[in-house]
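Engineer: with the input below, show me the fold.
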Amino acid sequence: MARVMIVEDENIVAMDIKQRLEMLGYEVTATVATGEEAIELAEKTRPDVILMDIVLKGEVDGTEAAEEIRRRFKIPIIYITAYSDKKTLERAKVTEPFGYIIKPFEDKELHSV
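Structural biologist: Model prediction:
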């Protein structure tokens, strides 16, 4: 199964996603809360895919981190977000994500992407 990194600033949500992925057979390489950590750990762990929240605490948000990761490491990004407004999705689309999952989501949505 694929190796997945989770980028989510709400710890309880991150732990829930991690548990769901592991139950589905995925290996979670890291769970981080900021865009800065995502870039650093993407380089160190080289996951097959990254689940990235768009709105993150810190100076680098999810779209900025995704753009940097895609440019430097060519790792596919799947956005996980509670925001589905046009402005947010247009900003995210520029980074050429592999997909989007809108929160809240079901296990089958995690598994299908």
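Engineer: element containing residue 21, please.
Structural biologist: Residue 21 is part of helix 11-23 when elements are defined by DSSP states H and E.
Engineer: check which element follows that helix along the chain.
Structural biologist: strand 27-32.
Engineer: ok, back up a step: report the mean per-residue pLDDT for the helix holding residue 21.
Structural biologist: Mean pLDDT, computed over helix 11-23, is 95.
Engineer: contacts for that helix next, please.
Structural biologist: 4, 6, 8, 28, 31, 33, 51, 80, 103, 107, 110 (C-beta atoms under 8 Å, 6 or more residues apart in numbering). Just so you know, the C-beta spots here come from the backbone N, C-alpha and C atoms, and that holds for glycine as well.
Engineer: out of these, which two sit at the greatest distance?
Structural biologist: 33 and 107 (22.7 Å; C-beta to C-beta).
Engineer: which of these two has more neighbours?
Structural biologist: Taking neighbours as other C-beta atoms under 10 Å, residue 33 and residue 107 compare with residue 33 leading, 18 against 11.
Engineer: OK, contacts around that one?
Structural biologist: Each residue near residue 33 by C-beta under 8 Å, 6+ apart is listed here: 7-9, 11, 14, 56-58.
Engineer: and it, backbone torsions?
Structural biologist: Per-residue torsions, residue 33: phi -110, psi -10 (degrees, to the nearest 10).
Engineer: would you mind measuring from it to residue 1?
Structural biologist: Distance, residue 33 to residue 1, using C-beta to C-beta, to the nearest Å: 24 Å.
Engineer: ditto for residue 73
Structural biologist: Using C-beta to C-beta, residue 73 is found at 20 Å from residue 1.
Engineer: now swap in residue 44 and tell me
Structural biologist: From residue 44 to residue 1 the distance is 20 Å (C-beta to C-beta).
Engineer: likewise residue 92?
Structural biologist: 26 Å.
Engineer: which one's more surrounded, those two?
Structural biologist: Legend: neighbour count by other C-beta under 10 Å for residue 92 and residue 1, higher for residue 92 (21 against 10).
Engineer: quick one: neighbours of residue 22, just the number.
Structural biologist: 13.
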